[in-house]
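J.: quick one, structure for this:
(2 chains)
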Amino acid sequence: MVVTLKPQQIPVAVSTDPMVPVPYRLLRVRRETSDTFTFEFGSVDGSRFPFAPGQFNMLYLFGVGEVPISISGDPERPEILVHTVRAVGTVTTPFCKLKPGDIIGVRGPFGSSWPVVEAAGNDVVIVAGGVGLAPLRPAIYHILNHRGEYGRVAVLYGARSPGDMLYKKELAEWRGRFDVQVEVTVDAAKPDEWQGNVGVVTTLIPRAHFDPHHVTALVCGPEIMMRFTILELQKRGLRDDQIYISMERNMKCAIGFCGHCQYGPNFVCKDGPVFRFDRVKEIFGKREI
Amino acid sequence: MATLERLLSEHPFFKDLDPRYIQLIAGCAQEVTFKAGEFIFREGDPASRFWVIRNGRISLEVFAPGRGPIMIETLGEGDVMGWSWMVPPYRKQYDARALELTRALEFDAMCIRGKCDEEPKLGYELFKRFSQIIGQRLQATRLRLIDLYGSHA
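T.: This next block holds a predicted model:
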């Protein structure tokens, strides 16, 4: 007799040692842009992978090295582990050449998460730049899966060009819903390839629909983009404790031992990557840090 | 309050402007509608008008030989389009094209300049508001120069 297990009945992938990777097999790859790919993995032993939106994994490409990558899948589909990776470094470039059936090692999930539970009852504004949409996608999934628990929801996304946008199909689907404001902008475009907004992502903030007194802002993108986004959110009247950002630093151990990702008094791997802005504002943007 | 004055006072650009001034500048304004795809002005045209957009979307474009038209900015509801009328040589530097059906209030720049000369406080108030817009556009342009989302960012 064949017994089909529901996702919640599938055992959780557990490594007894957080430094020991668990093998995962690549199931599918989708090209997002010229240099960015979305990978779907399944554990070799069929176990599931629960995580919180905003957390990351250390992905080990055997014989090459390990790299921290945010999880970009749906937290309510833990049977599939999804990562979006841009080919920019010595590990990510060969990583992006993986083929279905290839095996990698996974350690995680690590780090703090977006406050999607705490934000219930509030409006939510999500601001993403470039590949910064990937760590925010699990939060968007969560919010849309529990849409009734939130007030107004706005997703604001900026990319260099229409060809550099991630998750185009999903953005269009979210935009097609009647309960989410989705605004996308690019830096420049040709009129025959793009009919949307042109300008930086910060220009979308004044026209986002939310109540500044009852909103939680989730921001992810290059640090410089987050800096200017925070200024614009503050202009709309948001307090520092309403803004959450996801920081990126060079990580090695991912459990707060090695100190590679030290960020002032914090370790990004353990205390972050998601920080409430008021808790890091004194060191955010400091050149020495 | 006449319809045009009401539309002016509802637009964010004229928020909290003294009703006397609203009445004054309403004489220089008219309601206009642009169809999707319609050019509002072309590069090199005299900068004799400016617009406050009520709804719709407009693309500012520059034509690059060998590359065709490139969209450099889009403007929408609540935005102001056109400030070349304030500074010599009073010429449009880009093309402007409606991306969708767009409704706006169009101002005769000569008329506005005349009102500002008659009423310098109005002139000061308008120039303060335009300076803010020019500053925001400059800031946005600088951010794009940084390549905000690039892999090196």
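J.: low-confidence stretches in the chain?
T.: I went with chain A, as the question did not name one. A:1-15 (pLDDT under 70).
J.: chain B is the one I meant
T.: In chain B, residues with pLDDT under 70: B:1-2, B:151-153.
J.: got the residues of it near chain A?
T.: B:57, B:59, B:61, B:67-74, B:76-78, B:97, B:99, B:140, B:143-144, B:146-151, B:153 (CB under 8 Å from any CB of the partner chain). (Each C-beta comes from the backbone N, C-alpha and C, glycine too.)
J.: which elements pack onto the longest helix along chain B?
T.: Ordering each helix of chain B by length in residues (DSSP state H) puts helix B:120-146 first. Counting contacts by 3 or more CB pairs under 8 Å, 6 or more residues apart in numbering or on different chains; DSSP states H and E, helix B:120-146 packs against helix B:19-26, helix B:109-118.
J.: pretty sure A:Arg160 is touching B:Ile146, no?
T.: No - judged on CB atoms under 8 Å, A:Arg160 makes no contact with B:Ile146 at a distance of 11.4 Å.
J.: okay, those two: which has more neighbours?
T.: Using other CB atoms under 10 Å in any protein chain shown as the criterion, A:Arg160 and B:Ile146 rank with A:Arg160 on top: 19 against 14.
J.: and residue 57, what does it touch?
T.: Using chain A here. Counting by CB atoms under 8 Å, 6 or more residues apart in numbering or on different chains, A:Asn57 touches A:Pro68, A:Ile69, A:Ile71, A:Leu81, A:His83, A:Val106, A:Arg107, A:Gly108, A:Pro109, A:Phe110.
J.: think we crossed wires, I meant chain B
T.: If you count contacts by CB under 8 Å, 6+ apart, B:Arg57 has them with A:Asn197, B:Thr74, B:Leu75, B:Gly76, B:Ala98, B:Leu99, B:Glu100, B:Thr102.
J.: picking that back up, closest one to chain B out of the contacts of A:Asn57, please.
T.: Checking those against chain B with CB to the nearest CB, the nearest one is A:Ile69 at 14.3 Å.
J.: could you look up the SS state of that closest one?
T.: Assigned with DSSP: H, G, I helix; E, B strand; the rest coil, A:Ile69 falls in the strand class.
J.: in the sheet, who's paired with it?
T.: A:Asn57 (DSSP bridges).
J.: do you know how far it is from A:Tyr167?
T.: Here A:Ile69 is placed at a distance of 16 Å from A:Tyr167 (CB to CB, to the nearest Å).
J.: repeat that for B:Glu31.
T.: Look at B:Glu31 and A:Tyr167: by CB to CB, they are 40 Å apart.
J.: how about B:Met71?
T.: B:Met71 is 22 Å from A:Tyr167, by CB to CB.
J.: more neighbours, the two?
T.: Set B:Met71 next to A:Tyr167 and count neighbours by other CB under 10 Å: B:Met71 wins out with 26 against 20.
J.: correct me, but the more buried one touches B:Leu60?
T.: Yes - under the criterion of CB under 8 Å, B:Met71 makes contact with B:Leu60 at 7.2 Å.
J.: surely A:Gly54 and A:Ile140 touch.
T.: No - checked against CB under 8 Å, the pair A:Gly54 and A:Ile140 is beyond contact range at 11.3 Å.
J.: a strand runs through B:Phe50, doesn't it?
T.: Yes - under three-state DSSP, B:Phe50 sits within a strand.
J.: got phi/psi on the residue nearest to it when sequence neighbours are not counted?
T.: In this structure, B:Phe50 finds its nearest non-sequential neighbour in B:Gly82, 3.5 Å apart by CB to CB, 6 or more residues apart in numbering or on different chains. Backbone torsions of B:Gly82, given as degrees, to the nearest 10, read phi 100, psi 110.
J.: next one: A:Leu61
T.: Main-chain dihedrals, A:Leu61, degrees, to the nearest 10: phi -90, psi 110.
J.: before we move on, what about A:Tyr141?
T.: phi -60, psi -50.
J.: roughly how far does the residue lying closest to it once chain neighbours are set aside sit from chain B?
T.: Nearest non-adjacent residue to A:Tyr141, counting by CB to CB, 6+ apart: A:Asp74, 4.3 Å away. To chain B, A:Asp74 is 24 Å away according to CB to the nearest CB, to the nearest Å.
J.: do the same with A:Pro138
T.: Going from A:Pro138 to chain B by CB to the nearest CB gives 20 Å.
J.: that residue in helix, strand or coil?
T.: Three-state call for A:Pro138 (three-state DSSP): helix.
J.: my guess is it contacts A:Phe51. True?
T.: Yes - taking CB under 8 Å as the definition, A:Pro138 is a contact partner of A:Phe51 at 7.5 Å.
J.: what's the overlap in contacts for these two?
T.: When contacts are counted by CB under 8 Å, 6+ apart, A:Pro138 and A:Phe51 have A:Ile71, A:Pro75 as shared neighbours.
J.: which one of the two has more residues nearby?
T.: Each of A:Pro138 and A:Phe51 has its neighbours counted (other CB under 10 Å); A:Pro138 has more, 25 against 21.
J.: and that one, how close does it get to A:Gly237?
T.: 28 Å.
J.: how about B:Pro69?
T.: 38 Å.
J.: next one: A:Lys286
T.: Per CB to CB, A:Lys286 is found 25 Å from A:Gly237.
J.: can you pull out the helices in the stretch 51-200 of chain A?
T.: A:92-95, A:133-145, A:168-176 (DSSP state H, counting those that start in this stretch).
J.: mean neighbour count, those: which tops it?
T.: The highest average neighbour count among the helices of the stretch 51-200 of chain A, using mean count of other CB atoms under 10 Å in any protein chain shown, belongs to helix A:133-145 at a mean of 23.
J.: mind listing residues that contact it?
T.: Contacts made with helix A:133-145 from outside it, assessed by CB under 8 Å, 6+ apart, are listed as A:51-54, A:56, A:70-76, A:83-84, A:114, A:116, A:119, A:124, A:126, A:128, A:150, A:153, A:155, A:157, A:166-167, A:170, A:174, A:177, A:180, A:218, A:220, A:246, A:273.
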